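[1] 3D model of this:
(chains A and B)
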Amino acid sequence: MNGTIFAQDDIEVRIRGVSRSFREGDQLHAVLKDLDAEFIRGETVALKGRSGSGKSTLLNIISGIDQPDSGQVEVAGLDITAMSERDRTLFRRKHIGFVYQSFNLVSTLTVADNVRLVLELNGVSEPEIAERIEELLASVELADRKNSYPDVLSSGEQQRVAIARAVAHRPSLLLADEPTGNLDDKTTEGVLELLDKLVSQAGSTLIVATHSARMASFCDRVLELHDGVLVAADGRD
Amino acid sequence: MPALYRASFGYLWRHPWQLVLALLGICTGVSVMVAVDLANESSREAFLLSMDTVTGEATHQIVQGPAGVDETLYVRLRLKEGIRSIAPIVAGYVDIGNITMQVLGVDPFAEREFRPYSVPEPGVGVDDAYRRMLTGPGAVVMSYRTAESLKLSPGDRFDVSAGGRVHRAELVALIGGGDGRGFDNLIIADISTAQIWLDMLGRLTRIDVKIAQDDETGIAGKIRDALPIDGQLLNAAGRTRAVTEMSAAFMTNLTAMSLLALLVGVFLIYNSVGFAVLQRRRLIGVLRALGITRRQIFTLILTEGLVLGMVGAALGVLAGMWLGQQLLVLVSRSISDLYFVVNVTDVSLSSLSAAKGLVAGLGATVIAAIVPAMEAASYQPRLALTRSVLEHKTGRLLPIIAIGGIGMVVLAVILLAVSGSSLVAALTALFLMILGLALCIPIAVRACVTVTAPIADKVGGITARLAIQGIGASLSRTGVAIVALAVAVSATVGVSIMVDSFRGSVSEWLGNTLRSDIYVGVARGTLDADLVDDLVRVPGVMDYSSSRRVWLESETGRTRIIALKMAPGSYAGIDLLDAEPQDVWHSFDEEGAVIVSEPYAYRHKVGRGDTLELNTMHGDKIFQIAAIYRSYDANLGAVLMSRHTYESHWNDPAIGAIGLYLSPAAIPDEVIEHLRKVSEGRQSLLINSNREIRDMSLQIFDRTFIITDVLYWLAVGVAIIGILGAMLALQLERGRELAVLRAIGMTPGQLGTMVMVQTGFMGLLSGLAAIPLGLLMAWVLIDVINRRSFGWQMDIMVSPEVLGTALVLSVSAAVIAGIFPAYRAASSQPALAMREE
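    Down below sits the predicted model:
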């Protein structure tokens, strides 16, 4: 991931003046304040910040799951803040992949079917689906567990399935929210290598919210969410 | 409240939907039960109350043959034997407008000792009221409530019709007694007035007798010595009991239907309480980790169930009182159609019915809560027990549950085989069978889901598979909802097949039995003998048959006697079941043999070649039974004899109805017109064509089953609530999973469709399970329950329509129940997926 040279016209995500507040009782709590940011296609960025600093909120807004109170978000050149909820869903389906801290696999589907689900939703043909499942499960070293249900897998295995599912449809943007938060050090290492490999192969942009220094060290850039705005972890705004 | 309980109940408060659905399940089940009980009891009580009023203080009653008691017997007993504690009674029914009223003809001088009325009118004593009653023919007294319902005041004159004749009556005073309800629909007249109205000149319906318990003066002996050979001194309470017993089977069947609604309710309660436990497995794990014992957890969940049960049952009792009022009309009308006239307008709010409802509701809740409470108590003291582990446990239990179910079915079959003719045993067996088969449904659902999921995958892709697999993956919830709907729908299948088969048999039987072209009778009375002679001579009438239906009373109960004068065409109308016609009709016509109806034969366990004993004017006589005939008479069965046999044993020349056979050239409408002209001014007749009689009979039939329809629709309603509850609960639990699906790109429409497919498939599985269950239920209802209740036998007729309707009903009910959960699923927030626990 290191050593990539970015071109200015190759921006994957552009955020302009995004603000988002939440009401807590009578109080309005501003999480994001007039936030600007740009993420270059193919780069990997770690978002750091204290719990409650708004990392997940920012990921939700970038993915179109949540809408900002004000401001604009462009992903792959499209203004998702101007889209309808249905269009955002379809956009997310095609362009975005997710990895969660607690995996969020569909418990009633097997490992293979969890991956298949995303491919079917994206209208991939049956032969290609079968091929991609084989390929992805092989790359996450779970080919022999493809018929297992998630609840019999270890945490690391579950997260590997989640990563396979997230990249299955070759999204241009991969969002990960504390992907190693529930894993031990050794497993964390394996997951990081896997993410690195798959993201590099697909040429996707990765934005990952994390507390982990080890995770951050894998990324091209490290940004910190502080008081509602993003600052470079090394002090640059 | 201790913190432990606050933690538990706090959960329910935070999930009001679950709370409401659980309460609704208990409430609906209890309300149906209470309503049927109230309607039954109110009808029975109204009847008993009016029987009490007309029986008064009488301990015994003298009766004599079908034509009544010769009034000279009363004079002889009073004057010659010096017995003072007796009162003559002429009782029957008259119509005032379209209201049927009981008329009681009394001797005011003998009356005081028997029926202590009060007179609410200021300045008027009982003696005054009686005196006014003697002022002239047609003078009557009635209660304030009855007068009010007829919009009459003292001094008003009105028409009374009885036996096809109209008489003039005058309300001379108002009377009361008790709360007045016993006097509802009762009018009291002087005995001579009643004799004229009811065409009983010189005769009495009965003589009331009051005999002290020790009977020191030996009145009973004196009366028995003075009785004519066909006279009988019967116990008054026994007579009342014999009449009310006629409707016992009808009421028991209604109660069984209401219990079915409660059974469906039990599944709902189980689902609600079970889900509430499942949702709190983390909380329960924490509590266990903090040192709460298994017993405390068990008690906690059971207490929660009890509180839910109490509130739900209390609401159910209140709702049942309202529903009871609605059902009362249907129940009392059916009882009036089939058994005895009962006019009841108010539901008696019996504390016993309410207590029964409370106990049943609480009992059902405790039974339903025991399994979830045990499940909760079994949780290990750790923070998270995964759902799949729970479902895995459920999966392992399925074969055991199914074996238990099969055991229940075997027990039911054994019970049916050894219980003889007990109706309660048959109903218990039916319930065991329903419950047993219901317990086999979850394992069948699992098998079905395993088979269909790959097919769904091929047809509708992974979304469809996800929907189908979700049913199997959450079987501890979906299974119970499917069972509840299957049981409710199977009731519609079973009852529809029973009613269809019954209706088909009755229709065929009517078609066969009704042989005459025109039927002539009178409402509540007998035909004028001279008029009969004139009617049968009307041009176009080729031949006629006549019938007289009477009750014969004895110490052992009542026997319905039907005396027939047969026309040549009538014989084929009687469907002989155990003998050939050539072996029967000669002995029937010439040798005094009788034939008995199927219900009579079943109840008395007699058949061809047996004998029966009846009290005649020549004393007790033995009658040979020549055959059993098919009949769907709602009463306890009948004995059919020739008119000749009847007249030679009872002094009763009256004719109840005649059937006219027309010549081929005659036009029925013209003959009917002619018959009306002949009877004009003499007696108001009911003249109906063959088709009209058949239609009217089927109308009464259909009316009887309206209540059955109402009850099974209520059961379906309870089941819909069950599916709705189960689906909402599932969504609540799978909220995160649904959010993930939304986050990875499933549209609200796709998610909603997935939920609808899931509920629709659950409905389909319920429908498929309901069909064999319903067929079995139909068989038990037709061959066992009906046989034991009424003695009827009929062929089972299964129409594909009924089965198709069951499937449609089941899927529709599930789809309706799925709409709201689908909407909720579609509106699930994908942001939820991002929020970590």
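
[2] quick check, central residue of chain A?
    Nearest to the geometric centre of chain A sits residue A:175, at 0.9 Å (C-alpha atoms, centre = their mean).

[3] what kind of secondary structure is that one in?
    Secondary structure, DSSP: H, G, I helix; E, B strand; the rest coil: residue A:175 is strand.

[4] quick check: closest non-adjacent residue to it.
    residue A:59 (4.9 Å; C-beta to C-beta, 6 or more residues apart in numbering or on different chains). For the C-beta atoms, the positions are set from N, CA and C on the backbone; glycine is no exception.

[5] how many neighbours does that neighbour have?
    Per other C-beta atoms under 10 Å in any protein chain shown, the neighbour tally for residue A:59 reads 22.

[6] from residue B:831, how far off is it?
    10 Å (C-beta to C-beta, to the nearest Å).

[7] what do you get for residue B:446?
    For residue B:446, the distance to residue B:831 equals 34 Å [C-beta to C-beta].

[8] likewise for residue B:759?
    For residue B:759, the distance to residue B:831 - C-beta to C-beta - is 26 Å.

[9] so for the two, which residue has more residues nearby?
    Between residue B:759 and residue B:831, counted using other C-beta under 10 Å, the more crowded position is residue B:759 (29 against 18).

[10] that one: what's it in contact with?
    B:723, B:727, B:814, B:815, B:817, B:818, B:821, B:822 (C-beta atoms under 8 Å, 6 or more residues apart in numbering or on different chains).

[11] state whether it is indeed within a helix.
    Yes - Residue B:759: assigned to a helix according to three-state DSSP.

[12] who's in contact with the closest residue to it other than its chain neighbours?
    The spatially closest residue to residue B:759, leaving aside those adjacent along the chain, is residue B:818, at 3.0 Å (C-beta to C-beta, 6+ apart). Taking C-beta under 8 Å, 6+ apart, we find residue B:818 in contact with B:723, B:724, B:727, B:755, B:756, B:758, B:759, B:760.

[13] I'd guessed residue B:595 sits against residue B:584; true?
    Yes - shown here, residue B:595 and residue B:584 form a contact pair, counting by C-beta atoms under 8 Å, at 6.6 Å.

[14] shared neighbours, the two?
    Residues touching both residue B:595 and residue B:584 (C-beta under 8 Å, 6+ apart): B:576, B:626, B:627.

[15] hmm, back to that, which one of the contacts of residue B:759 is nearest to residue B:670?
    Among the contacts of residue B:759, residue B:815 lies closest to residue B:670 (C-beta to C-beta), at 56.6 Å.

[16] quick one: that closest one from residue B:62, how far?
    Distance of residue B:815 to residue B:62, computed by C-beta to C-beta: 66 Å.

[17] of the two, who's got more company?
    Neighbour count, other C-beta under 10 Å: between residue B:815 and residue B:62, residue B:62 has more, with 26 against 17.

[18] quickly find the element holding that one.
    In this structure, residue B:62 sits in strand B:60-64 according to DSSP states H and E.

[19] what's the answer for residue B:33, then?
    For residue B:33, the host element (DSSP H and E) is helix B:16-55.

[20] quick one: residues contacting residue A:73.
    A:13, A:14, A:15, A:16, A:18, A:61, A:62, A:64, A:79, A:80, A:81.
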